[in-house]
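Chemist: dropping a prediction and its sequence here:
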Amino acid sequence: MASNGPTSNGNGNGEFSFAGNGTAAGAETGAGRNGLAKIQTHKKPTNGICHDDSSAPVKANTIDELHSLQKKKSAPTTPVDGAQGAFAIMSEEERHKQQLQSISASLASLTRETGPKLVKGDPSKKTSETPKVSHVSHHHVLAPTLSISDSALKFTHILYNLSPAELYEQAIKYEHGSFLTSSGALATLSGAKTGRSPRDKRVVRDETTEDELWWGKGSPNIEMDEHTFLVNRERAVDYLNNLDKVFVNDQFLNWDPEHRIKVRIVSARAYHSLFMHNMCIRPTPEELENFGTPDFTIYNAGRFPCNRYTHYMTSSTSIDLNLARREMVILGTQYAGEMKKGLFSVMHYLMPKRQILSLHSGCNMGKDGDVALFFGLSGTGKTTLSTDHNRYLIGDDEHCWSDNGVSNIEGGCYAKCIDLSREKEPDIWNAIKFGTVLENVVFDEHNREVDFTDKSVTENTRAAYPIEYIPNAKIPCVGPHPKNVILLACDAFGVLPPVSKLTLAQTMYHFISGYTALVAGTEEGIKEPQATFSACFGAAFIMLHPTKYAAMLAEKMQKHGATGWLVNTGWSGGSYGSGNRIKLPYTRKIIDAIHSGSLLDANYTKTEVFGLEIPTEVEGVPSEILQPKNTWSDKKGL
């Protein structure tokens, strides 16, 4: 099969050949115009990097403590009464001993008077953590061309594109913290890091990227040099070479076959291999046979730390991108989302070079082929509103908009699980079954039922599953040019209207701003509403200056006649604490009116300050809530 990826530069290594594009200079934004008071902005210690899935480290000092957070003690099935008091207060060790004796006695027979030999704990713990796998079928042991270090050590086993069932076996047998849950999903632990580490992300600054990428204040691209990257790469590859086995996934990004990217992921954990099996596009056997040289390779040695004394390192974690070598190295974090978002960053660089817009958005399509994009930061309802039983799901998070239309970058979904319920999110709930990876959830140690409300390990619990687990997913995940671009904001100050129609210039302004408000419970330490901004609704992943992506979005919207909308899913009738959050059924009615096109024909009034066009009537929505000033009892507070 011919590769549709980037062309070789003729050096024999299949490296990218990149043409230089100058990066537009960023415009400084003003504040406090027209005498308006400044909104208090939530300042983060990460140079303005978006933290939509970053998380505080786990409060556990040892692996055993971490495991103890994962499993809940089951309630006793037999009440403990006074006669059993002695048993109830005996030590855990003594109780375990009596349990073993009781089981042994129950299984004893006339020919085996002493009963079977019972061992406390898991005997396999005494063996090597990564034993050799001599029983792996021959068709799974492959030796793709992988660079090795000067130590000349080679992989003992390469487990190549294993099936979910095989990866389940590997994880449960050899990885502590991996368990089969009652729904059939695989529960795993990501270690001390339960979210991304944006401050530890590094990008090689060289002649390829010097004039192309966005560097400096506000940029998520923290630089490193080629030499330091090679030091970390050597450390990662040496670690992987010394293991008895490694997992290799060869997969695709982008459902548009004309612009598909081939990726290879080399990892030490079955959990990571299954995660990427779900999140990337899975090749057919024929495509795998003719896969050839990948366009991009990840070396995930996350179990092994980087050297903190290495130049540019500020912790034992480092996620390093080298665009010239088309490689990524992960050290010191086992959070699987680093692989997903690392590849998304790569697509934010590669696709614009082909005049394709990469988007951090949800996307769905109506039965008549009308496509809508949903942009929104954490807590704005992007996943909830883009998942619609009356529409086809193209994707929940990452997309491309090319001359061919819109296409999903990924082959799966990565959904938040905290407080998940069958009633609120039936599609996600039903997708948590065999093949799905559950990260850092807590479950009952006996019946293995997951408690999605439990935050003992982290609030950032996640489920990764193939997109076909969603019943109304559109396969292949492609669609026509978008008709509507919906920008979601959870405004905790009660100022934005529930919906407003945007001009092209207003769409660009709000797209670059990426505004929402953090409220209590969304991040640790947040007690009062605080405004936050994330350029292009995904500042942590963009590679070029935000104005580059905004200009491309404006061009495509204008060319294909798309309409921009600003939808407030936050507060009405007052700010957080005095007003009320806009009811979800009302927001759904607004979204339905956008999809049907009826909102385009509505009558509009224009606000004095921002010039937003507000409809006077939306079917199924009380007209009085459409104008914020009508809902405030304290008009002076508005």
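Modeler: Perfect, thanks for sending it. Numbering: from 1, shown residues only.
Chemist: tell me which stretches of this protein form helices.
Modeler: Counting by DSSP state H, the chain has helices at residues 63-70, 85-89, 92-107, 164-174, 226-241, 270-279, 285-289, 337-353, 382-386, 426-431, 504-513, 546-560, 584-596, 628-631.
Chemist: and the last one, how far out from the chain middle?
Modeler: Helix 628-631 sits 37 Å away from the centroid of its parent chain (Cα atoms, centre = their mean, to the nearest Å).
Chemist: list the buried residues of it.
Modeler: Going by neighbour count (16 or more other Cβ atoms under 10 Å), the buried part of helix 628-631 is 628, 631. Just so you know, the C-beta spots here come from the backbone N, C-alpha and C atoms, and that holds for glycine as well.
Chemist: CA atoms of that helix as PDB?
Modeler: The C-alpha coordinates for helix 628-631 follow below in PDB (Å, rounded to 0.1, in the frame of the first residue of the first chain):
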ATOM      1  CA  PRO A 628     -29.700  38.200  30.600                       C
ATOM      2  CA  LYS A 629     -30.800  41.600  31.900                       C
ATOM      3  CA  ASN A 630     -34.400  40.400  32.100                       C
ATOM      4  CA  THR A 631     -33.500  37.600  34.500                       C
END
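Chemist: what's in contact with it?
Modeler: Outside helix 628-631, the residues within contact range by Cβ atoms under 8 Å, 6 or more residues apart in numbering are 494-497, 572-574, 579, 624-625, 635, 638.
Chemist: quick revisit: by mean pLDDT, show me the worst of the helices of the chain.
Modeler: Ranked by mean pLDDT, the helices of the chain bottom out at helix 85-89, with a mean of 47.
Chemist: ok so, going back, need the winner for burial among the helices of the chain.
Modeler: Burial of these is given as mean neighbour count (mean count of other Cβ atoms under 10 Å); helix 270-279 ranks first at a mean of 27.
Chemist: helices or strands up against that one?
Modeler: In terms of contacts (3 or more Cβ pairs under 8 Å, 6 or more residues apart in numbering; DSSP states H and E), helix 270-279 is packed against helix 164-174, strand 186-188, strand 245-253, strand 261-267, helix 337-353, strand 412-416, strand 437-439, strand 462-466.
Chemist: can you lay out these as JSON lines showing distance to Ala593?
Modeler: As requested, those are exported to JSON lines (distance: least, Cβ to Cβ, whole Å):
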{"stretch": "helix 164-174", "distance to Ala593": "41"}
{"stretch": "strand 186-188", "distance to Ala593": "41"}
{"stretch": "strand 245-253", "distance to Ala593": "34"}
{"stretch": "strand 261-267", "distance to Ala593": "37"}
{"stretch": "helix 337-353", "distance to Ala593": "31"}
{"stretch": "strand 412-416", "distance to Ala593": "26"}
{"stretch": "strand 437-439", "distance to Ala593": "36"}
{"stretch": "strand 462-466", "distance to Ala593": "31"}
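Chemist: out of those, which comes closest to Glu289?
Modeler: Across the helices and strands packed on helix 270-279, Glu289 has its closest neighbour in strand 245-253 (10.4 Å, Cβ to Cβ).
Chemist: angle of that closest one against helix 337-353?
Modeler: Here strand 245-253 runs at an angle of 30 degrees relative to helix 337-353 (axes from the mean of the first three to the mean of the last three Cα atoms, to 10 degrees).
Chemist: and strand 245-253, how far from the chain's centre?
Modeler: Distance, stretch centre to chain centre, for strand 245-253: 18 Å (Cα atoms, centre = their mean).
Chemist: and the residue nearest to Asp451 when sequence neighbours are not counted, how close does it get to Thr209?
Modeler: The shortest distance from Asp451 to any non-neighbouring residue, by Cβ to Cβ, 6 or more residues apart in numbering, is to Val442 (5.2 Å). Distance check for Val442 against Thr209: by Cβ to Cβ, to the nearest Å, it reads 42 Å.
Chemist: and Lys173, by the same measure?
Modeler: From Lys173 across to Thr209, the span is 42 Å (Cβ to Cβ).
Chemist: wait, Leu359 sits on Leu373?
Modeler: Yes - using Cβ atoms under 8 Å, Leu359 is in contact with Leu373, at 6.5 Å.
Chemist: now do the closest residue in space to Trp401 that isn't next to it in sequence, the pLDDT please.
Modeler: Nearest residue to Trp401, sequence neighbours excluded (Cβ to Cβ, 6+ apart): Leu357, at 4.3 Å. Note on Leu357: pLDDT of 98.
Chemist: count the residues that sit near Leu357.
Modeler: When neighbours are counted by other Cβ atoms under 10 Å, Leu357 registers 20.
Chemist: could you list the domains of this protein?
Modeler: Domains of the chain are assigned by automatic domain parsing as 161-190+419-458, 192-354, 355-411+472-638.
Chemist: endpoints of the shortest one, how far apart?
Modeler: Distance across domain 161-190+419-458, first residue to last, is 30 Å (Cα to Cα, to the nearest Å).
Chemist: list residues touching both of Leu359 and Leu373?
Modeler: His399.
Chemist: so these two - more neighbours on which side?
Modeler: When neighbours are counted by other Cβ under 10 Å, Leu359 and Leu373 differ, and Leu359 comes out ahead with 30 against 24.
Chemist: bridging residues for that one?
Modeler: Beta-bridge partners for Leu359, by DSSP bridges, are His399.
Chemist: I'd like to know how far it sits from Phe291.
Modeler: 27 Å.
Chemist: and His348, by the same measure?
Modeler: 24 Å.
Chemist: and Ser578, how many neighbours?
Modeler: 13.
Chemist: show the pLDDT at it.
Modeler: pLDDT, Ser578: 83.
Chemist: that one and Ala531: what is the separation?
Modeler: Taking Cβ to Cβ, one finds Ser578 at 17 Å from Ala531.
Chemist: same deal with Gly579?
Modeler: 16 Å.
Chemist: cool, Thr188 as well?
Modeler: Counting by Cβ to Cβ, the gap from Thr188 to Ala531 is 35 Å.
Chemist: before we move on, what about Thr208?
Modeler: Separation of Thr208 from Ala531 (Cβ to Cβ): 36 Å.
Chemist: what does stretch 172-191 contact?
Modeler: Contact with stretch 172-191 is made by 58, 63, 66-67, 70-71, 124, 129-131, 168, 171, 269-271, 274, 302-303, 333-336, 432-441, 443, 447-450, 457, 463, as judged by Cβ under 8 Å, 6+ apart.
Chemist: can you select the buried ones among the residues you listed for me in ChimeraX?
Modeler: Command for ChimeraX that selects the buried part of the contacts of stretch 172-191, burial taken from 16+ other Cβ under 10 Å:
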select :58,66,70,71,130,168,171,269,270,271,274,302,303,333,334,335,336,432,435,436,437,438,439,440,441,443,448,450,457,463
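Chemist: re the thing from before, report the buried members of the contacts of helix 628-631.
Modeler: Buried among these by 16+ other Cβ under 10 Å: 494-497, 572-574, 579, 625.
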